[in-house]
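J.: Give me coordinates for this.
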Amino acid sequence: MATDLPPSSPPLVLLFGPLDPTGAAHLMADSISCARLGCHALSVVTSLHVQDTISCEQLQLVPPEHLYDQMRCLLEDMPISAIKAGPLYSAEAASVLAQVAADYTAIPLVLQLQSLQDHMLADHDIDTDDVMDAIFQLVLPQTDLVVADSTLLEQLQNSGHLPEQDDVFQAVLDLGANQLLSATTANGTEPARYQLLGQDGTRQHWPLQAIPHRLHDTDSTLSVAIAAGLAQAKPMNRAITDAIGFTESSAERHFQAGMGKLILNQTL
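T.: Numbers count the residues shown, from 1 in each chain. You can find the predicted model right below:
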C-alpha cells in the first residue's frame, strides 16, 4: 500500500508511454519537464522506438502483462498524484491503462491523443482502427483531460472513429472524456487558439502562438506540464495556463540536435 510523502517531497507523476531515444518527446522529454516543473517522474515504458530526429523507423511493443505489473508496482508503492499517458500504440496497452485508471479514479489522468502511422505498426500486425477504438471505448471514459489538436480530431471523425456530428469536440466528450483541450487553426473570423471544453459546459480559450517550422510535437510537453500542474493540486484552468506558458517558452528556446526536427529546449 502506498505511503504518504513527506511534506518536502515533490509530487509524483506517472508517465505511461513510449521511449524516444532522441529525447525529443515522450518519456525522456516528459521526465525533464516534470523535473523543471517541480515534480518527480515515474515511468511505464509501453514501447521502444528506433528513430532519429527525422523519423521513427520501427518500434518494439512491451507485452501488456509487463505494463500491468509495472503500473501496479508503482501505484501500490508510491502516492502518485497524476498520470500522463500517450501516445498508445496497441489495444492491449489501452486496456491496461483503462483497467488501472478505473481502480484509481482519484488520480487525474491526462491523455495525449496522437495519430498512428501504419508503417510503424506493420511489423506487429496491429490494426490502427482497433487501437483507436480501444482508446475511445475504454480509456476516454476514465480520462480527466484529453489533449488533441482539431486537425487530428477531424481526421478521426472522417475515418469513422468519432461520431458524425457538427461539433467534433462534443463528439469526444460524448465518448466519456471529462474535458478536452484542443489547438484550433486560424480561420477567417477567429485566430488560432487553445480551446477547453468540459462535460459541465466549460468553455475557455487561450491564445496560441505560432511555433517554429519543423518543431517536434509540442503536445507531449503540453500534456505532461498539465499533469504536473494537476499533481501540484492546481485547478484545471490554472494548470493549463501554466502549461501553455511553459510549452511556448520551451518552443521559443528550441535547438537543432540532428538533421531532422527541431527540439524544444527544456533545460533552461
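J.: My guess is residue 227 contacts residue 111. True?
T.: No. In this structure residue 227 lies outside contact range of residue 111 using CB atoms under 8 Å: 9.9 Å. Heads up, the C-betas are built off the backbone N, CA and C, glycines and all.
J.: phi, psi of the closest residue to residue 185 other than its chain neighbours?
T.: The spatially closest residue to residue 185, leaving aside those adjacent along the chain, is residue 192, at 5.6 Å (CB to CB, 6 or more residues apart in numbering). Reported as degrees, to the nearest 10, the phi and psi values for residue 192 are phi -60, psi 140.
J.: And for residue 192, the neighbour number?
T.: 15 (other CB atoms under 10 Å).
J.: Tell me the predicted confidence for it.
T.: We note a pLDDT of 86 for residue 192 in this prediction.
J.: Poorly predicted segments of the stretch 1-150 of the chain, please.
T.: 1-7, 53, 117-124 (pLDDT under 70).
J.: Excluding chain neighbours, what is closest to the most centrally placed residue in the chain?
T.: The C-alpha lying nearest the average C-alpha coordinate of the chain belongs to residue 112 (CA atoms, centre = their mean; 2.3 Å). Nearest in space to residue 112, with sequence neighbours left out and distances taken as CB to CB, 6+ apart, is residue 86 at 3.4 Å.
J.: That neighbour touches residue 27, doesn't it?
T.: No. Residue 86 sits out of contact with residue 27 when judged by CB under 8 Å, with a separation of 11.2 Å.
J.: in this protein, which helix has the most residues?
T.: As assigned by DSSP state H, the longest helix anywhere in the chain is helix 236-252.
J.: Centre of the chain to it, how far?
T.: Its chain's C-alpha centre lies 14 Å from the corresponding centre of helix 236-252 when counted by CA atoms, centre = their mean, to the nearest Å.
J.: Could I get the buried residue list for it?
T.: 236, 239, 240, 241, 242, 243, 244, 246, 247, 248, 250, 251 (16 or more other CB atoms under 10 Å).
J.: could you pull out the strands for the protein?
T.: Along the chain, the segments classed as strands by DSSP state E run 12-19, 40-51, 56-61, 82-85, 109-112, 145-147, 179-184, 193-198, 203-207.
J.: can you put these in TSV and add distance to residue 168?
T.: Listed next are these as TSV, based on distance: least, CB to CB, whole Å:
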stretch	distance to residue 168
strand 12-19	24
strand 40-51	27
strand 56-61	27
strand 82-85	21
strand 109-112	17
strand 145-147	12
strand 179-184	9
strand 193-198	11
strand 203-207	15
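J.: Show me what the longest helix of the chain is packed up against.
T.: Counting by 3 or more CB pairs under 8 Å, 6 or more residues apart in numbering; DSSP states H and E, the packing neighbours recorded for helix 236-252 are strand 193-198, strand 203-207, helix 219-231.
J.: other SSEs contacting the second one?
T.: Looking back up the chat, that one is strand 203-207. Strand 203-207 sits against strand 193-198, helix 236-252, with contacts defined as 3+ CB pairs under 8 Å, 6+ apart.
J.: thinking again about what came up before, minimum distance to residue 75: which of the strands of the chain has it?
T.: Among the strands of the chain, strand 12-19 comes nearest to residue 75, with 7.3 Å by CB to CB.
J.: quick one: the closest one to strand 40-51, angle?
T.: Here strand 12-19 runs at an angle of 0 degrees relative to strand 40-51 (axes from the mean of the first three to the mean of the last three CA atoms, to 10 degrees).
J.: Can you spell out which helices and strands pack onto strand 12-19?
T.: Where contact means 3+ CB pairs under 8 Å, 6+ apart, strand 12-19 is packed against helix 26-36, strand 40-51, helix 64-77, strand 82-85, helix 219-231.
J.: now the angle from that strand to helix 64-77?
T.: Going by the same axes, to 10 degrees, strand 12-19 makes 170 degrees with helix 64-77.
J.: mind checking how far strand 12-19 is from the chain centre?
T.: Distance of strand 12-19 from its chain centroid, counting by CA atoms, centre = their mean, is 9 Å.
J.: if we can go back for a sec, residue 227 and residue 111: which is more packed in?
T.: The neighbour count for residue 227 versus residue 111, taken as other CB under 10 Å, is higher for residue 227 (35 against 29).
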